[in-house]
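Engineer: based on what follows, work out the 3D shape:
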Amino acid sequence: MAIKVFVDGHEGTTGLKILERIALRSDIELLEITPEKRKDPDARRALLNMADVAFLCLPDDAARESVSLVTSGTTRIIDASTAHRTDPAWTYGLPELSKNQRVLIKESKRVSVPGCYASGFILPLHPLVAEGIVPADYPVTCQALSGYSGGGKKLIGAYEGDGCDESLRYPRHYGLALKHKHIPEMQKFTGLHYPPVFSPVVGNFYAGMAVAVPLVLRLLSKKMTAAQIRGFLASYYRDERFVQVIPFDSEAHLDNGFLQMALRNDTNMLDIFVFGNDEQALLVARFDNLGKGASGAAMQNMNIMLGLDEGTGLE
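Structural biologist: This next block holds a predicted model:
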């Protein structure tokens, strides 16, 4: 029997990418809403309660409204908004977070998809904090570079529309009030006592992301070199199909010393690099902000929740 899936809010980039992935699968029956009804609560309520799985690809307030419309005890919700990521009643949809996270996801009816920046921050750092290598009170900083698709339709229109502003040719820092919406989950799911100083940058390219976290090794709780940190992360993620820890001597994975942003685009893969020496280390996660950072992660969660091979429809 086909899995009945409803995508609530399929006008944005995440919803459209989920629809693209669904179209390639024969085991899913897509429940569709007519364009004129997509903001009609009664029409959405009917489809939400008919679905086995409902993806919410909406602004936070609209996602909360959708949740309130679900009365069926069988509909499983996967929310791609920020609304429920730190809500204790919801399961955080990062399967690689811990050895037990897949069990929690599989048993849950309410799963929140991690933010794109958060995924790239948590996966390299969480194991180091959990193991007591990085102190929980470490003054963590993070700088990240993303393609403009992460900003949704409005930002895509600014970059791709007629008469594109000359200033958009250059990378631009934003979130300068240091209150980016991903910070609460970044802190919570790494186990840090204090929020990181997070500096995101948007570049003039469609998709691709790199999240960088520097570490001063003399401040760590355990004496380790950058190469040893890489070895620890490689061991931690050795059985993960969608997380690859790159060899420490990573020149073969660079382009004349430059990190290429787009090599994981259109996949659900995330690469972790560790650069540095005996005194400093730089953790870098590279992935597709629309793949492992959004729609790919959402589909991976659905597969786990339904007891399917979690790589179904993903690469």
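Engineer: quick one: neighbours of Gly151, just the number.
Structural biologist: 17 (other Cβ atoms under 10 Å). To be clear about C-beta, it is placed using only N, CA and C from the backbone, and glycine gets the same treatment.
Engineer: what do you get for the one 10 residues further on?
Structural biologist: In terms of burial, Gly161 registers 9 neighbours under the definition other Cβ under 10 Å.
Engineer: report the buried residues of stretch 273-285.
Structural biologist: 273-276, 281, 283-285 (16 or more other Cβ atoms under 10 Å).
Engineer: between those residues, which sits nearest Ala46?
Structural biologist: Ala285 (40.0 Å; Cβ to Cβ).
Engineer: the closest one and Leu308, how far apart?
Structural biologist: The gap separating Ala285 from Leu308 is 26 Å, by Cβ to Cβ, to the nearest Å.
Engineer: strands of the stretch 201-315 of the chain, start to end?
Structural biologist: 209-216, 243-245, 270-276, 280-287 (DSSP state E, counting those that start in this stretch).
Engineer: correction: the stretch 51-200 of the chain
Structural biologist: Going by DSSP E, counting those that start in this stretch, the stretch 51-200 of the chain shows strands at 53-56, 76-79, 91-92, 110-112, 141-147, 172-173, 197-203.
Engineer: now for the buried residues of stretch 273-285, which pair is the farthest apart?
Structural biologist: The two members of the buried residues of stretch 273-285 with the most space between them (Cβ to Cβ) are Gly276 and Ala285, at 15.1 Å.
Engineer: out of the strands of the stretch 51-200 of the chain, which one sits most buried?
Structural biologist: Of all the strands of the stretch 51-200 of the chain, strand 53-56 has the most neighbours on average by mean count of other Cβ atoms under 10 Å, namely a mean of 27.
Engineer: what sits closest to Leu314 if chain neighbours are left out?
Structural biologist: The shortest distance from Leu314 to any non-neighbouring residue, by Cβ to Cβ, 6 or more residues apart in numbering, is to Asn268 (4.3 Å).
Engineer: now do the one you found, the pLDDT please.
Structural biologist: Asn268 is assigned a pLDDT of 98 by the prediction.
Engineer: hang on, isn't it packed against Gln244?
Structural biologist: No: using Cβ atoms under 8 Å, Asn268 is not in contact with Gln244; the gap is 11.5 Å.
Engineer: so between those two, which is more surrounded?
Structural biologist: Shown here are Asn268 and Gln244; by other Cβ under 10 Å, Asn268 has more neighbours (24 against 17).
Engineer: just the angle for the longest helix along the chain relative to strand 197-203, thanks.
Structural biologist: The single longest helix within the chain, with elements called by DSSP state H, is helix 116-130. Here the directions of helix 116-130 and strand 197-203 differ by 140 degrees (axes from the mean of the first three to the mean of the last three Cα atoms, to 10 degrees).
Engineer: for helix 116-130, which positions count as buried?
Structural biologist: Buried, per 16+ other Cβ under 10 Å, within helix 116-130: 116-129.
Engineer: between these, which is closest to Tyr138?
Structural biologist: Closest to Tyr138, out of all of the buried residues of helix 116-130 and judged by Cβ to Cβ, is Val129, at 7.9 Å.
Engineer: for Val140, see how far away that closest one is.
Structural biologist: For Val129 relative to Val140 (Cβ to Cβ), the value is 9 Å.
Engineer: what residues are shared contacts of those two?
Structural biologist: 190, 192 (Cβ atoms under 8 Å, 6 or more residues apart in numbering).
Engineer: and for Trp90, the neighbour number?
Structural biologist: By other Cβ under 10 Å, the residues close to Trp90 number 18.
Engineer: ok, the one 10 residues further on next?
Structural biologist: For Asn100, the neighbour count with other Cβ under 10 Å is 8.
Engineer: how close does it sit to Lys106?
Structural biologist: Going from Asn100 to Lys106 by Cβ to Cβ gives 11 Å.
Engineer: next, the buried residues of the helix or strand of the chain with the lowest mean pLDDT.
Structural biologist: Using mean pLDDT, DSSP states H and E, the weakest-scoring helix or strand in the chain turns out to be helix 152-160, at a mean of 88. Neighbour counts over helix 152-160 (16+ other Cβ under 10 Å) mark 155-156, 159 as buried.
Engineer: residues contacting that helix, please?
Structural biologist: Against helix 152-160 from outside (Cβ under 8 Å, 6+ apart): 11-13, 148-149, 164-165, 168, 202, 204, 206.
Engineer: of these - the most surrounded one?
Structural biologist: Ser149 (27 neighbours).
Engineer: am I right that that one is in contact with Leu16?
Structural biologist: No: in this structure, Ser149 is not within contact of Leu16 by Cβ under 8 Å, at 10.3 Å.
Engineer: just the pLDDT for Leu69.
Structural biologist: At Leu69, pLDDT is 98.
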